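> sequence plus the predicted model coming up.
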Amino acid sequence: MNEKKRFVIVDNHTMVSRGLHTLLAKNPNFEIIGEGADGLEAIRLVEQLKPDLLVMDLSMPKRDGTMAIKEIKKQAPKTKILAFTMCNTEDNLLAALQGGADGYLLKENSHSDLLTAIDSILAGKFYLSPEILGMVVKGYLKTKKNM
């Protein structure tokens, strides 16, 4: 029998947090074990609960999501982190990935994209939103062209 995957959700927008909770709780293999509304709560919840996956916004009060990711990865390197955000800039992406995020999903993506991201990350792979992946490839190609 497979063990349920334990999740923590952190987003300062209640509607987003509740929506994620509702979507994820429908899956019998997932268990939501904590929710928070700022970066400091994210750090505290991961330290206390040791979830398999943290789904977290980047733009939050008290501690920016990218800074929280760095701290979380230091204290709980086995916890996977999905940055779930509206931030589609290269700077935010780089900060999240350099901090240790295992995936980057835009909030504009679909429910099926969310599940694909979660499955990929829990399987030990990185996941990037299709729009973000396109931006990364274009940047890579631009860099290679200028070498």
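Cool, the structure landed.

> use CA for all of it now, contacts and neighbours both
Noted.

> so who does the residue nearest to Asn29 when sequence neighbours are not counted touch?
The shortest distance from Asn29 to any non-neighbouring residue, by C-alpha to C-alpha, 6 or more residues apart in numbering, is to Lys4 (4.6 Å). When the contact criterion is C-alpha atoms under 8 Å, 6 or more residues apart in numbering, the partners of Lys4 are Pro28, Asn29, Phe30, Glu31.

> quick one, phi/psi of Lys4?
In terms of degrees, to the nearest 10, the main-chain angles of Lys4 are phi -70, psi 140.

> distance check, it against Cys87.
Distance from Lys4 to Cys87, counting by C-alpha to C-alpha, to the nearest Å: 30 Å.

> again with Leu115
Here the distance between Leu115 and Cys87 works out to 19 Å (C-alpha to C-alpha).

> check Leu40 too.
20 Å.

> got it, and Ile33?
The span separating Ile33 from Cys87 equals 26 Å under the rule C-alpha to C-alpha.

> please apply the same query to Phe30.
Relative to Cys87, Phe30 is positioned 26 Å away (criterion: C-alpha to C-alpha).

> of Ile33 and Cys87, who's got more company?
Under the criterion of other C-alpha atoms under 10 Å, the comparison of Ile33 against Cys87 puts Cys87 first, with 17 against 14.

> contacting residues around the more buried one?
With contact set as C-alpha under 8 Å, 6+ apart, Cys87 has these partners: Leu58, Ser59, Leu93, Leu106.
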